[in-house]
Every structure is written in structure tokens, then in C-alpha cells.
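Engineer: what would the 3D arrangement of this be:
(4 chains)
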Number of protein chains: 2
Amino acid sequence: MTAEERKHRIETYLQRVEFASLEELSRHVNASISTIRRDLTTLEAAGNLRRTHGGARLVTPKTDEFAFTARDTHQVSEKEAIGKACAALIDANQSVILDAGTTVYHVARHLEERALQIVTNSLPVANLFASANKMEIILAGGVIYPRLGVLVGPMTVEAYSKLRASVAIMGAGGITLEGITNSHALLIDIQRAMLKAAQKIIFCLDHTKFGRPSVSPLCELDRADTIVTDSHAPQELVAGLRARGIEVIVAPETPDRLDNCG
Amino acid sequence: MTAEERKHRIETYLQRVEFASLEELSRHVNASISTIRRDLTTLEAAGNLRRTHGGARLVTPKTDEFAFTARDTHQVSEKEAIGKACAALIDANQSVILDAGTTVYHVARHLEERALQIVTNSLPVANLFASANKMEIILAGGVIYPRLGVLVGPMTVEAYSKLRASVAIMGAGGITLEGITNSHALLIDIQRAMLKAAQKIIFCLDHTKFGRPSVSPLCELDRADTIVTDSHAPQELVAGLRARGIEVIVAPETPDRLDNCG
DNA sequence: TTTTTCTTGCAAAATATTCCACAATCTGTC
DNA sequence: GACAGATTGTGGAATATTTTGCAAGAAAAA
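Structural biologist: Here you go, the predicted model:
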């Protein structure tokens, strides 16, 4: 890869994710941190980037309405780890349903070019992939739920009920040994349609969701094939889930000291 | 293979891949690295290439970017004027279908809180309203067309065919006395579904669209109830449209000093 | 403080430039 | 038409330049 091409890929990548760490960029373009630093300096001089501590950010004046999904959340590093671990479960050329929600958003950020087809009802996720022309992104229609940027309503349910996908990557409000629950009643019907449409179900739940039931029941535990969580998830509950035959993947705690392992 | 033929193949290849390393080009045209270097030097002098360290790149600056923003650089002030004038036509509590495209996007910017319901298949428009919780924004589903951020495909057509709205605000590629045309064949079916779904049809077309037919015919002239354009639209064509009973609104030329309108 | 990130300098690798030898084609002369 | 010399195209090698990756110290954040 030429230097020009590398810089171009950095720009394109940033267009998608808005902000990226040096390590992230380094992995993405297969170059050392030093090279990324130099590239970013050049690109910053050219215009469209702004370097920050630890990475670079796009200088688009039109602020993304849903930037909150990337930043304003709790347990960001845990969700990052979950996102990385969950994305690793997806094979190339699979069709993937992506739920709305911050945790799943982090999965989307790591999906890169793994999946051939992505189906979602989340505007932030759609925006993330909007300029990626190697993937086919299908957006379920519906009414925009303002605060979350999620598409809801009967149109959304109908869209999912007509689709089939290899995998669904889901979020939820809480999980106990009695089942998986969600707080947004509006989303329950949609999530159930997702569950029906996918062959394999992966739930991404950070540790705060464990042992905490939400208002509306979503599905039985055994509906989930795999659950991805972070290292702070309570041991006994994880063991209980495994005893029921559910694969539980505990994302390693922020492996910062990663050199070239991409 | 002659030298000319080789150079032509280099150019053609670069048109496809945008970037190419010397080694890549060498393999592709079956010549030594030295020869490639010389060819690139010649081609660079001729114009359409730029040599870089390790290879060459095409001098088309924008291929991978979000074409929506790139296209938006033309006739911005005209489109702003059209947007303002067209938004003024919309009464409160109407349901409005918004087409994709830059001109209609400017209408959307001025709609503020006039309409109660907005239906669109444009991702940029959806993002614009996504945080406005006084309006109901309905996004038609579909496959994201990367360069334009438009939702396309049968899902989109179906979504529109099931809806009804008071007004549709449309864009197009060109208008002549023979009819209205659009360059994106992919969008034709969707636009026709919009036309069917709306009681009143407003076309927003800046002056560059006048007298210029595009590839695909969209609809007859009399399908349009109102056409909004800017003050540079050719007089005779405007008169011709009015003679056919179409209301033509010419947006006043924007003052140089722009108010806070966005 | 401690940790992380940035800058700077340096050596190694990759790449560009220049030069030279060889082959093919063209040119003019015999 | 055949030949020697000139011209051009090609591939390779030697040398200069740029780029890259690493590491140590400086600066910034936590």
C-alpha cells in the first residue's frame, strides 16, 4: 500500500467513525503508530482532520445528532471491549441484524468489512456505514424515536418480519436467570421480530445489565445462543448461564498493550 | 505491446483502483519497474495521474466521499432561496413527503416545525430532523445507496406505496416542456411511488435543471402542481410552464448577507 | 505522583534518481 | 536491398533520497 492510499484510508475511516484512536488507525491501515502520527500531522495540515490526544477527529461542522452513542454513554471501555469481542464472532459474508442501542453500536464500529449485509433500525448505525460501499446496508423503515435515533413502529416490525439473516446482534435492558428484559416497551415487538428473523442470536450486555430485570420481558434465556459481556460480570450468573448451555464470552479488559497483532 | 498501449493500460487500471503501487502496475502490464516509472513520469506530465512514493494515484479528488456534501457545493445560495420559498408553501399539520437530493434538503432545513409529519427516504434529511421531537419523522426503509445517502430498492417503493401524504416535495435531474426527468434510474420507481402517494406535488428545481433533459423520464409536466425555482431560470420556459397551468414560484434572489437560518 | 501520549533523533528499509548496457527500430548511405 | 550509425525503448545496478519503525526524553493528562 502506498502512503497516499494509506492516508486516504485514514480519512475514509474517520468519515465513518468520527473519532479514532491511534491504535485503532494503526490496525486498520496496517502501519505503525509512528507512521499514523506522521500521517495525521500531514492530514491535519491539509485540512479535514484534527489531531487530539490519543487519536484524531473529524472536523465536520455538522455535528452528528447521535454522537452521544459513541461518547455519552456509561461503561464506554467495557462496551468497546464487548464490541471488539462480538465483532470477532462474525464471519465474512454473513448477513447481520444489528439492534439499536449503544452497546450494539460499538459492535458496529468494529465490524469494518466483515459482513456483506447489515440490517438495522438504528440511525446511528446506518450513518456509520452510510459511506461504506463494500457492504450492503439495509435500513428498516419506521418512525424515528427522537432521543435514541431508533426506528420504531409497525413499519419496522413488518420490515424485520419479512427478512432473514444469519445472525442478530442484540442489546437489552437486563438479564437474570429468569430471562432477558428490556426497558423500552416500544422496542419489544421489534426485537422479537429480529429474534424470529435470525438463525443465531447474540446478546451484547455489559455487566451492569446482569441480575437487573427491566420492565418488559423480551425472551427466554435459551433463545440466546451467545452472550458477550465484560470482565466485571458477576461470576455466579455467568456460570448459571453456561450451565443452561448458553455460550458466554467475556471480553478481555481493555488490552491496551497490543502491538502488531492485526 | 507498444509503449502507447502500455500507458493506456496503466491509465485504465488506475481509473479502476484509484491507487496502484509500482509493483502492482509492473505485474499488470508486464513491464519492469523502471519502465513503469518512466511511463508514470510521462503520464504525470500529461495530466491525469499523480506520482506518489511507491506508486501513483488518480487525480480525481473525490471518489469515496459522501457525494451528497460534495454535490451540495453547486448553486448553494439558489438552493437556499428555493428552500425558503418552498417551505413557506407548507401549512402546519400537513404531512409532507420529502424526496432525496440536495435541493429538497434545503427545503427541509427551512421546514422547522411547520409540518406535523414528514416522510422521507433520505438519510441526511432524517438526520436533520432526528432530534426534533415535535414532529413525527417517518423514514422509508431500504438499501442505503452509499454515495447519496438515499434509501433505495423495493422496500422503499413498498413503503411509499402504502402511505398517503398531503404534499410531496420533489427534486429532479432536468425539466423541459416535454416532461420531468431524472438521472438516477434507481430513484425513478421510488419517485413515482411518491407521486402516487401525495395529493399535491411540488418540484424544487434550480435554474440549471431547466431545459436540460436527463436520461430517465420521470413524469409528465402536468403531474406537477407547483414548481419552485430561482431567479435565474429562463423566462420563456417559466412562461411555458405557466401557460400549461402550472404554478411557478420564483424564489427571490438571496441578499448577500445571510440571516441565521440554520 | 503515575500513566499516557507526543516529540525528536536515528538506523533500517523502501523508494527515487541517475547512469549504463543491451536490444529493437529507424535513418541515411552505399 | 544491405549495412553502419543514430535513436529510442527496456532492464538492471549504483547511489541518493524519502519513508518507516523504534526508542528515549519531554510534555501532557489523570
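Engineer: going by C-alpha atoms from here, please, whenever you check contacts or count neighbours.
Structural biologist: OK.
Engineer: and what about the most centrally placed residue in chain A, helix, strand or coil?
Structural biologist: Central residue of chain A (Cα atoms, centre = their mean): A:Val107, 2.2 Å from the mean position. Three-state call for A:Val107 (DSSP: H, G, I helix; E, B strand; the rest coil): helix.
Engineer: which pLDDT value belongs to the nearest residue to it once chain neighbours are set aside?
Structural biologist: Closest residue to A:Val107 apart from its sequence neighbours, by Cα to Cα, 6 or more residues apart in numbering or on different chains: A:Gly83 at 3.7 Å. Predicted confidence (pLDDT) for A:Gly83: 87.
Engineer: which residues touch A:Gly83?
Structural biologist: A:103-110, A:204 (Cα atoms under 8 Å, 6 or more residues apart in numbering or on different chains).
Engineer: in JSON lines, list these along with distance to DNA strand D.
Structural biologist: Supplementary listing: those in JSON lines, determined by distance: Cα to the nearest atom of the strand, whole Å:
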{"residue": "A:Thr103", "distance to DNA strand D": "22"}
{"residue": "A:Val104", "distance to DNA strand D": "25"}
{"residue": "A:Tyr105", "distance to DNA strand D": "23"}
{"residue": "A:His106", "distance to DNA strand D": "20"}
{"residue": "A:Val107", "distance to DNA strand D": "24"}
{"residue": "A:Ala108", "distance to DNA strand D": "25"}
{"residue": "A:Arg109", "distance to DNA strand D": "22"}
{"residue": "A:His110", "distance to DNA strand D": "22"}
{"residue": "A:Cys204", "distance to DNA strand D": "27"}
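Engineer: coming back round to it: ok, the residue nearest to A:Val107 to B:Ile137 distance?
Structural biologist: Going from A:Gly83 to B:Ile137 by Cα to Cα, to the nearest Å gives 29 Å.
Engineer: please apply the same query to A:Leu195.
Structural biologist: From A:Leu195 across to B:Ile137, the span is 26 Å (Cα to Cα).
Engineer: residues contacting the residue nearest to the centre of chain A?
Structural biologist: A:80, A:82-84, A:86-87.
Engineer: A:Lys200: neighbouring residues, count only.
Structural biologist: 17 (other Cα atoms under 10 Å in any protein chain shown).
Engineer: quick check: bridge partners of it?
Structural biologist: Taking DSSP bridges as the rule, A:Lys200 bridges to A:Val167.
Engineer: return the residues in contact with it.
Structural biologist: A:166-168, A:224-225.
Engineer: again, only this time at 10 Å
Structural biologist: Applying Cα atoms under 10 Å, 6 or more residues apart in numbering or on different chains, we find A:Lys200 in contact with A:96, A:165-169, A:223-226.
Engineer: how about A:Lys7?
Structural biologist: A:13, A:29, A:36, A:39-40, A:42-43.
Engineer: restricted to buried residues, select those residues in ChimeraX.
Structural biologist: Filtering the contacts of A:Lys7 down to the buried ones (16 or more other Cα atoms under 10 Å in any protein chain shown) takes a single ChimeraX command:
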select /A:13,29,36,39,40,43
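Engineer: any chance of the contacts of A:Lys7 in a markdown table with pLDDT and distance to DNA strand D as columns?
Structural biologist: Below are these laid out as a markdown table (pLDDT from 0 to 100; distance: Cα to the nearest atom of the strand, whole Å):
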| residue | pLDDT | distance to DNA strand D |
| --- | --- | --- |
| A:Tyr13 | 84 | 17 |
| A:Val29 | 89 | 9 |
| A:Ile36 | 93 | 7 |
| A:Asp39 | 92 | 7 |
| A:Leu40 | 92 | 11 |
| A:Thr42 | 89 | 10 |
| A:Leu43 | 89 | 12 |
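Engineer: nearest to DNA strand C: which residue in the stretch 1-150 of chain A?
Structural biologist: In the stretch 1-150 of chain A, the residue that lies nearest DNA strand C is A:His53 (3.2 Å; Cα to the nearest atom of the strand).
Engineer: so, low pLDDT: which residues of the stretch 101-250 of chain A?
Structural biologist: Residues of the stretch 101-250 of chain A meeting the criterion pLDDT under 70: A:112-115, A:131-133.
Engineer: go with 90
Structural biologist: Low-confidence segments of the stretch 101-250 of chain A (pLDDT under 90): A:101-103, A:105-106, A:108-116, A:124-125, A:127-135, A:145-149, A:183-186, A:212, A:231-232.
Engineer: can you list the residues of it near chain B?
Structural biologist: A:117-121, A:123-124, A:126-127, A:129-153, A:155-156, A:159 (Cα under 10 Å from any Cα of the partner chain).
Engineer: kindly recompute the last result at 8 Å.
Structural biologist: Contact residues (Cα under 8 Å from any Cα of the partner chain) of the stretch 101-250 of chain A with chain B: A:123, A:127, A:130-133, A:136-147, A:149, A:151, A:159.
Engineer: is there a quick PyMOL command that grabs whichever of these are buried?
Structural biologist: To isolate the buried subset of those in PyMOL, counting by 16+ other Cα under 10 Å, use the following:
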select buried, chain A and resi 123+127+130+131+132+136+137+138+139+140+141+142+143+144+145+146+149+151+159
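Engineer: how about whichever residue of the stretch 101-250 of chain A sits closest to DNA strand D, nearest residue that isn't a chain neighbour?
Structural biologist: For the stretch 101-250 of chain A and DNA strand D, the shortest gap (Cα to the nearest atom of the strand) falls at A:His232, measuring 19.4 Å. Spatial nearest neighbour of A:His232, excluding adjacent residues (Cα to Cα, 6+ apart): A:His207 at 5.6 Å.
Engineer: and if you look at A:Asp206?
Structural biologist: Take A:Asp206 and drop its neighbours on the chain: the residue closest to it by Cα to Cα, 6+ apart is A:Thr229, 5.0 Å away.
Engineer: that's a strand at that neighbour, yeah?
Structural biologist: Yes: membership of A:Thr229 in a strand is supported by three-state DSSP.
Engineer: relative to A:Glu78, how far out is it?
Structural biologist: Separation of A:Thr229 from A:Glu78 (Cα to Cα) stands at 8 Å.
Engineer: between those two, what contacts are shared?
Structural biologist: Joint contacts of A:Thr229 and A:Glu78 (Cα under 8 Å, 6+ apart) are A:Asp206.
Engineer: and the next element down the chain from the helix or strand hosting A:Arg16?
Structural biologist: Using DSSP states H and E, A:Arg16 maps to helix A:3-17. Going down the chain from helix A:3-17, the next helix or strand is strand A:19-21, by DSSP H and E.
Engineer: buried ones in that next one, by neighbour count?
Structural biologist: Using 16+ other Cα under 10 Å as the test for burial, strand A:19-21 gives A:19-20.
Engineer: whether that strand contacts DNA strand D - can you check?
Structural biologist: No: residues of strand A:19-21 are not located near DNA strand D by Cα under 7 Å from any atom of the strand, the shortest gap being 13.5 Å.
Engineer: other SSEs contacting that strand?
Structural biologist: Applying 3 or more Cα pairs under 8 Å, 6 or more residues apart in numbering or on different chains; DSSP states H and E, one finds that strand A:19-21 makes contact with strand A:55-58.
Engineer: dump the next helix or strand after the strand it packs on to PDB, restricted to CA.
Structural biologist: Using DSSP H and E, the next helix or strand after strand A:55-58 towards the C-terminus is helix A:76-87. Output in PDB follows, covering the C-alpha atoms of helix A:76-87 (Å, rounded to 0.1, in the frame of the first residue of the first chain):
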ATOM      1  CA  VAL A  76     -17.500   3.000  27.300                       C
ATOM      2  CA  SER A  77     -14.400   0.900  27.600                       C
ATOM      3  CA  GLU A  78     -16.400  -2.100  28.600                       C
ATOM      4  CA  LYS A  79     -18.600  -1.600  25.600                       C
ATOM      5  CA  GLU A  80     -15.600  -1.100  23.400                       C
ATOM      6  CA  ALA A  81     -14.200  -4.500  24.600                       C
ATOM      7  CA  ILE A  82     -17.600  -6.100  24.100                       C
ATOM      8  CA  GLY A  83     -17.900  -4.600  20.600                       C
ATOM      9  CA  LYS A  84     -14.500  -5.900  19.600                       C
ATOM     10  CA  ALA A  85     -15.100  -9.400  21.000                       C
ATOM     11  CA  CYS A  86     -18.600  -9.600  19.400                       C
ATOM     12  CA  ALA A  87     -17.400  -8.400  16.000                       C
END
